[in-house]
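Visitor: just coords:
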């Protein structure tokens, strides 16, 4: 059997499949169905300094081969995460990635400082949430703002730091370069694409927040293109996500340039997706006599 | 195990009205742990999001769901054939807590009627006196009458236009029986639930309602299906229909 392990910024993952932030909470619900160790890692629900109530409903709309969400970072706050969720999550035999969101630079630095003294393995900085009025996306919209927030946070961060990039920019490779030069250990991409649906009978947006973040199979080709561009631009490891639903998508994303992948929306369609993707990866790698999944990364022939 | 995503075999399928379907789905393990008021999250071929559908009844190894074709997803689901395998995450959510030996009033409105059948089933098994009030738009929309009367429930049916049963809303009928009620359980459109809750509060009768919201994961992880719930201090927090509900105490809902 092929070796599925990958190493991202010094952290060892048993397989390259990471649960994407916001789709699996802190893991407890999915652990009713299977052990969380089926994931190489879990990126936890976006966590802010204080508890956040989230956006008013409706927060969800379906789209052709995808969905929109505007949950608005509802979360119990970083202290709750560390005290109530992390000790349990730590015992699940998977890499634990804290996902951090804030409204100000100070917020980000403070949370990262608190998490640096916790048991998390890595920190993923969400500078691309499209669903909150203040903060989130504004930090990820230009290479300059990416560089500024990354270097501010870097000096407070004692854990490997992943910057999660927004696709809602002119040049995502420039943003990745900015993150790398400011000291990021890895980048993950793509966050959701800003979208909108309208009920034609009421002429009102389906989502109360008006716009939402689009995810699911429909965004996969956009994600592949961006991962391909970013991989060529940086030397740090790239975590590819956006619409991955099958093991074939996982292989494609790695060939495009990903060192590891994240899956999110597919968990709603099929909670057992990580197990099926792992089985599919094994089958395909073995049938092609490829010894390690790491051999796939950035092997696209253009 | 509290729930799981598993295949069910569609063993029987009926059409109750031109748009309402009745499916009997076999899976012994998951049927055995399903309680009244819970729902199943149904995978629809070609769709990213599953469809949450309330459980209408459980008989042995079979879960019964009765759903209305409202959009593309339910349209595809309605085309399923007997013998097909349908993947569902089940059972999900917090259902109705049916007590023993009480006077219980169950209220269903339109496509909110089906989950009240399993509730009536359980209530009668627990020795409750069970009055069921089902409201429909008109006589063409009436469903499940025989199912309720066969259980031995006292059934009152209302139609908005008076083309069948009592003319008026479920609250018209509720007013006449509420004095003897220990508990009200209701499922239906939001305005109906709001009116039922207000009447229950006025008569000081405990009331539980089953709510709906656009949903993604179905298990409590994504926080998509938010509903405003009042805290003791009057502030409102967002809880989630899939995990904290779908059944909530009527007095805690921020209508």
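Guide: Yep, it's here. Note that the coordinates shown come from a computational prediction; the quantities given were computed from them, not determined experimentally.

Visitor: avg pLDDT for the one helix or strand residue A:110 maps to?
Guide: Assessed by DSSP states H and E, residue A:110 sits inside helix A:105-116. Here helix A:105-116 scores 95 as its mean pLDDT.

Visitor: shouldn't residue B:25 be within a helix?
Guide: No. Counting by DSSP: H, G, I helix; E, B strand; the rest coil, residue B:25 is not part of a helix but strand.

Visitor: what sits closest to residue A:205 if chain neighbours are left out?
Guide: residue A:198 (5.6 Å; C-beta to C-beta, 6 or more residues apart in numbering or on different chains). The C-beta positions use only the backbone N, C-alpha and C, and glycine is treated the same way.

Visitor: no wait, residue B:14
Guide: In space, residue B:14 is closest to residue B:22, 4.2 Å off (C-beta to C-beta, 6+ apart).

Visitor: any idea how far that neighbour is from chain A?
Guide: Distance, residue B:22 to chain A, by C-beta to the nearest C-beta, to the nearest Å: 25 Å.

Visitor: surely that residue and residue B:15 touch.
Guide: Yes. Using C-beta atoms under 8 Å, residue B:22 is in contact with residue B:15, at 7.4 Å.

Visitor: what parts of chain B come near chain A?
Guide: Taking C-beta under 8 Å from any C-beta of the partner chain as the contact definition, chain B meets chain A at B:1-5, B:43, B:47-50, B:73, B:87, B:89, B:213-228, B:237-238, B:243.

Visitor: and the pLDDT at residue 164?
Guide: Picked chain A for this. In this model, residue A:164 is scored at 97, pLDDT.

Visitor: could you do chain B instead?
Guide: We have a pLDDT of 95 for residue B:164.

Visitor: and if you look at residue A:134?
Guide: Note for residue A:134: predicted pLDDT of 59.

Visitor: chain B contacts on chain A?
Guide: Counting by C-beta under 8 Å from any C-beta, chain A comes close to chain B at A:22-25, A:29-30, A:32-33, A:45, A:53-63, A:65-67, A:69, A:71, A:74, A:206, A:216-217, A:265, A:267-272.

Visitor: of those, which belong to strands?
Guide: Among these, the members falling in strands (DSSP state E) are A:60-63, A:66-67, A:69.

Visitor: before we move on, back to that, which one of residue B:22 and residue B:15 is surrounded by more residues?
Guide: Remark: of residue B:22 and residue B:15, residue B:22 carries more neighbours, 20 against 11, as counted by other C-beta atoms under 10 Å in any protein chain shown.

Visitor: per-domain residue ranges of chain B.
Guide: Domain assignment for chain B by automatic domain parsing gives B:4-92, B:103-210.

Visitor: returning to that earlier point: can I get the buried part of the residues of chain B next to chain A as one ChimeraX selection?
Guide: Buried residues within the residues of chain B next to chain A, by 16 or more other C-beta atoms under 10 Å in any protein chain shown, are selected in ChimeraX with:
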select /B:3,4,5,43,47,48,49,50,73,87,89,213,214,215,216,217,218,219,220,221,222,223,224,225,226,227,238,243
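
Visitor: out of the residues of chain B next to chain A, which are inside helices?
Guide: Among those, the members found in helices (DSSP state H) are residue B:73.

Visitor: related to what we said a few turns ago, what pLDDT, on average, does the host helix or strand of the residue nearest to residue B:14 get?
Guide: Per DSSP H and E: residue B:22 is located in strand B:20-26. Per-region confidence: strand B:20-26 scores 98 on mean pLDDT.

Visitor: partners of that strand, with directions?
Guide: According to DSSP bridges, strand B:20-26 forms sheet pairs with strand B:4-15 (antiparallel), strand B:62-68 (antiparallel).

Visitor: low-confidence ranges, chain A, go.
Guide: A:129-137 (pLDDT under 70).

Visitor: what ranges do the helices span in it?
Guide: Applying DSSP H to chain A gives helices spanning A:78-80, A:86-90, A:105-116, A:143-154, A:172-181, A:220-233, A:247-256, A:266-269, A:273-287.

Visitor: would JSON lines of those helices with mean neighbour count be doable?
Guide: Shown next, in JSON lines, are the helices of chain A (neighbours: other C-beta atoms under 10 Å in any protein chain shown):
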{"stretch": "helix A:78-80", "mean neighbour count": "17"}
{"stretch": "helix A:86-90", "mean neighbour count": "15"}
{"stretch": "helix A:105-116", "mean neighbour count": "19"}
{"stretch": "helix A:143-154", "mean neighbour count": "20"}
{"stretch": "helix A:172-181", "mean neighbour count": "23"}
{"stretch": "helix A:220-233", "mean neighbour count": "21"}
{"stretch": "helix A:247-256", "mean neighbour count": "22"}
{"stretch": "helix A:266-269", "mean neighbour count": "24"}
{"stretch": "helix A:273-287", "mean neighbour count": "17"}
